[in-house]
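A.B. asks: Show me how the following folds:
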Amino acid sequence: MLTVIFGRPGCPFCVRAKELSEQLKQARDDFDFRYIDIHAEGITKADMEKTIGKPVETVPQIFVDQTHIGGFTEFDQYVRDHALIPESA
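C.D. replies: Residues are numbered from 1 along each chain as shown. Down below sits the predicted model:
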């Protein structure tokens, strides 16, 4: 399972998404993630909208195995819904 997080510096939800991904990486052998700083990479909101296929208002924008999940709140819910982290973690 590969998760890609598109975020920007100074974004608290981007930090939370990275932290959650770090937890997943430690808890699961089949999980990895990549964080992409949209400012450093020159990725615009319009670029993300083309990829996602709908307007993008916020970051992070998160993909799991190339499927757009949404922002941090949706990613957190996805992790809970799929029981990706054991309760003891």
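A.B. asks: can you tell me which residues contact residue 74?
C.D. replies: residue 62 (Cβ atoms under 8 Å, 6 or more residues apart in numbering). Every C-beta, even on glycine, is put in place using the N, C-alpha and C of the backbone.
A.B. asks: meant to ask about residue 62
C.D. replies: Residue 62 touches 3, 4, 5, 6, 17, 68, 69, 70, 71, 72, 74, 75, counting by Cβ under 8 Å, 6+ apart.
A.B. asks: give me the beta-bridge partners of it?
C.D. replies: Beta-bridge pairing of residue 62 under DSSP bridges involves residue 5, residue 70.
A.B. asks: what separates it from residue 18, distance-wise?
C.D. replies: 10 Å (Cβ to Cβ, to the nearest Å).
A.B. asks: what touches both of those two?
C.D. replies: Taking Cβ under 8 Å, 6+ apart as the contact rule, residue 62 and residue 18 both touch residue 5.
A.B. asks: Show me what the helix or strand of the chain with the lowest mean pLDDT is in contact with.
C.D. replies: Sorting the helices and strands of the chain by mean pLDDT, DSSP states H and E puts helix 45-52 at the bottom, at a mean of 93. The contact list for helix 45-52 (Cβ under 8 Å, 6+ apart) reads 6, 38, 55, 56, 61, 68.
A.B. asks: Let me have the residues you listed in JSON lines, extended by distance to residue 32.
C.D. replies: Putting the contacts of helix 45-52 into JSON lines (distance: Cβ to Cβ, whole Å) gives the following:
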{"residue": "6", "distance to residue 32": "16"}
{"residue": "38", "distance to residue 32": "20"}
{"residue": "55", "distance to residue 32": "29"}
{"residue": "56", "distance to residue 32": "24"}
{"residue": "61", "distance to residue 32": "18"}
{"residue": "68", "distance to residue 32": "18"}
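A.B. asks: Wait, a helix at residue 34?
C.D. replies: No - counting by DSSP: H, G, I helix; E, B strand; the rest coil, residue 34 is not found in a helix; it is strand.
A.B. asks: Can you give me the neighbour number for it?
C.D. replies: Residues lying near residue 34 (other Cβ atoms under 10 Å) number 11.
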